[in-house]
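Peer 1: I'll drop the sequence and a predicted model, then ask my questions.
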Amino acid sequence: MSHPTHGHHHHGDGFDWEGMADRLELDAAITEPIVLALLPTVDGPVEHVLDVGSGPGAVALTLTLALPGAEVIAMDSSVALLHRAQHRAVQHEVTDRLLTLEGDLEDVLPPTGPMDLVWASMVLHHVADPVGALRRLRDRLRRDGTLVMVEFGDPPTVLPDGDPLLTSGTWGRFQDATAATLRERLGLDPVTVDWPALLAEAGFDAITDEMRTAHHPAPLTPVAQRWLEAHVGRGVEMAAGGLNAGDMTALDAFAHDVPNRVDLAVAATRRVLTARPA
């Protein structure tokens, strides 16, 4: 089987992870409903959790608060992002249950005990050898433990029917251009990776693969508004070469107008896979 090959999580793929910390936190906030909906589907008691590629710890905190009997380890290769996770633990008075660990999914993982749940959100598409990384995660799970992977799904929908950005084609060109830039940076199409085959090769079975959507109805909360502004701003930066001047002007005006719009609703979709050691 041929495997996707692509840049290192923190070096070769064009992403400034520490600079993106605020954006990562907003992404976690917008997809939190997916996390909360997934947890009841995990079989058995969950007392030990490893969140790999945890970034600033926003998802790790959600897991900690949603699983009051669990110890959650947030693991990342960025010390600066782990400091954010530690600050979260202090703020929410869960320093006894939300721990941090410096480690890189590309390499031998630092020691931990066996895990009931390994959570890997928006991280495995950055790994150069996904099968090797998945094997390392499998080896951290108890025999009846669960791996949850959250990966790219369909582009978000935010605009009401008939919005000028839709009817003019600007929004479609924006989504196409950002997707093309992402594929170029990663060296693969993250939406179409055959994750079930890679999971099976890494020694997993009982594999599920589905799309889940987090809905944020109109009018958007301030957090959802900030996410949308950041989504458009970041996307325009990424895809500037694939947009014409009119599109750039319209998207910039839209981003600035988001706080004034009461007709915007976000539907953010992620591909979710679960698996257990074979």
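Peer 2: Arrived safely, thanks for sending.
Peer 1: next one: residue 252 from residue 148, what distance?
Peer 2: Per C-beta to C-beta, to the nearest Å, residue 252 is found 37 Å from residue 148. Placement of C-beta: from N, CA and C, glycine included.
Peer 1: actually residue 255, sorry about that
Peer 2: Separation of residue 255 from residue 148 (C-beta to C-beta): 32 Å.
Peer 1: more crowded one of these two?
Peer 2: Using other C-beta atoms under 10 Å, the more surrounded residue of residue 255 and residue 148 is residue 148, with 22 against 17.
Peer 1: would you confirm that the more buried one contacts residue 270?
Peer 2: No. Using C-beta atoms under 8 Å, residue 148 is not in contact with residue 270, being 10.9 Å away.
Peer 1: hey, C-alpha coordinates of stretch 238-256 in CSV?
Peer 2: Only the C-alpha atoms of stretch 238-256 are listed here, as CSV (Å, rounded to 0.1, in the frame of the first residue of the first chain):
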residue,chain,number,x,y,z
MET,A,238,-3.5,31.3,2.5
ALA,A,239,-5.3,31.6,-0.9
ALA,A,240,-4.5,35.2,-2.0
GLY,A,241,-2.8,33.9,-5.1
GLY,A,242,-6.0,32.0,-6.2
LEU,A,243,-8.4,34.9,-5.8
ASN,A,244,-9.1,38.0,-7.9
ALA,A,245,-9.1,41.5,-6.6
GLY,A,246,-12.9,41.7,-6.5
ASP,A,247,-13.0,38.5,-4.4
MET,A,248,-10.4,39.8,-2.0
THR,A,249,-12.3,43.1,-1.6
ALA,A,250,-15.6,41.3,-1.0
LEU,A,251,-14.2,38.8,1.5
ASP,A,252,-12.4,41.5,3.4
ALA,A,253,-15.6,43.5,3.6
PHE,A,254,-17.5,40.5,4.8
ALA,A,255,-15.0,39.6,7.5
HIS,A,256,-15.3,43.2,8.9
